[in-house]
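In: Sequence and computational prediction follow.
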Amino acid sequence: MGDKVETGQLIYTVFDTQWLPALKAGDKERVPANRFFVVRLSVLNSGGAETTAPPVSLVDDGGQTFGELPDGEGVPEWLGILRKIKPVDTERGNVVFDVAPQHYKLRVSDDSEQHTAFIDLPLNFAGSAALPTPK
């Protein structure tokens, strides 16, 4: 984590991960089927035109793929699903998955999904306290 990974004109950096048993949104609590896995990352558009960063996914050691959740309710600084990025601009935020705790790699790609890369996400439970409630 912390290394820059290039996929065409998009450059991804993962800063942190957290495992959460639930997410709070106001007075509601979201409970996952497994655990919420929150990944904090940035996406830089190094190109000269606006582009869209596609959804990312997790790949486990057996090759099974898990897509990010399309609903960011309760996730502070949720990156969203539609990620239009202006030239030489960076979007930062969190993406969330509902998966069992284990080792994963984050699959990232460019807007055409022709260039892909993997970012290793070591299994780590440090800092997995509840995220602050969004305002």
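Out: Perfect, I can see it now. Numbering: from 1, shown residues only.

In: contacting residues around the residue lying closest to residue 105 once chain neighbours are set aside?
Out: Once its chain neighbours are removed from consideration, residue 105 has its nearest residue in residue 118; the separation is 4.2 Å (CB to CB, 6 or more residues apart in numbering). To be clear about C-beta, it is placed using only N, CA and C from the backbone, and glycine gets the same treatment. By CB atoms under 8 Å, 6 or more residues apart in numbering, the contact set of residue 118 is 5, 59, 105, 106, 107, 108.

In: between these, which is nearest residue 95?
Out: residue 106 (8.7 Å; CB to CB).

In: The residue nearest to residue 105 and residue 60: what is the separation?
Out: Per CB to CB, to the nearest Å, residue 118 is found 12 Å from residue 60.

In: same question, residue 48
Out: Going from residue 48 to residue 60 by CB to CB gives 36 Å.

In: Could you check which of those two has the larger neighbour count?
Out: Summary of the neighbour comparison: residue 48 and residue 60, criterion other CB atoms under 10 Å, with residue 60 having more neighbours (14 against 9).

In: Burial check on residue 74, number of neighbours?
Out: Burial of residue 74, expressed as a neighbour count using other CB under 10 Å, amounts to 21.

In: ugh, typo on my part, it should be residue 12
Out: Here the count is done by other CB under 10 Å, and residue 12 has 20 residues near it.

In: and the helix or strand harbouring it, which strands flank it?
Out: In the assignment (DSSP states H and E), residue 12 maps to strand 10-20. Strand 10-20 has its sheet partners listed here by DSSP bridges as strand 4-7 (antiparallel), strand 35-45 (antiparallel).

In: Output stretch 25-42 as PDB, nothing but the C-alphas.
Out: C-alpha atoms of stretch 25-42 as PDB (Å, rounded to 0.1, in the frame of the first residue of the first chain):
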ATOM      1  CA  ALA A  25     -25.800   6.300   8.800                       C
ATOM      2  CA  GLY A  26     -27.600   8.700  11.100                       C
ATOM      3  CA  ASP A  27     -29.800   6.500  13.300                       C
ATOM      4  CA  LYS A  28     -29.600   3.600  11.000                       C
ATOM      5  CA  GLU A  29     -27.100   0.700  11.100                       C
ATOM      6  CA  ARG A  30     -26.100  -1.300   8.000                       C
ATOM      7  CA  VAL A  31     -25.100  -4.900   8.700                       C
ATOM      8  CA  PRO A  32     -23.100  -6.800   6.100                       C
ATOM      9  CA  ALA A  33     -23.600 -10.400   5.100                       C
ATOM     10  CA  ASN A  34     -19.800 -10.900   6.000                       C
ATOM     11  CA  ARG A  35     -17.800  -7.800   6.900                       C
ATOM     12  CA  PHE A  36     -17.500  -4.400   5.400                       C
ATOM     13  CA  PHE A  37     -14.100  -3.900   3.900                       C
ATOM     14  CA  VAL A  38     -13.400  -0.200   3.400                       C
ATOM     15  CA  VAL A  39     -10.500   0.800   1.100                       C
ATOM     16  CA  ARG A  40      -9.200   4.400   1.100                       C
ATOM     17  CA  LEU A  41      -7.600   5.300  -2.200                       C
ATOM     18  CA  SER A  42      -6.900   8.100  -4.700                       C
END
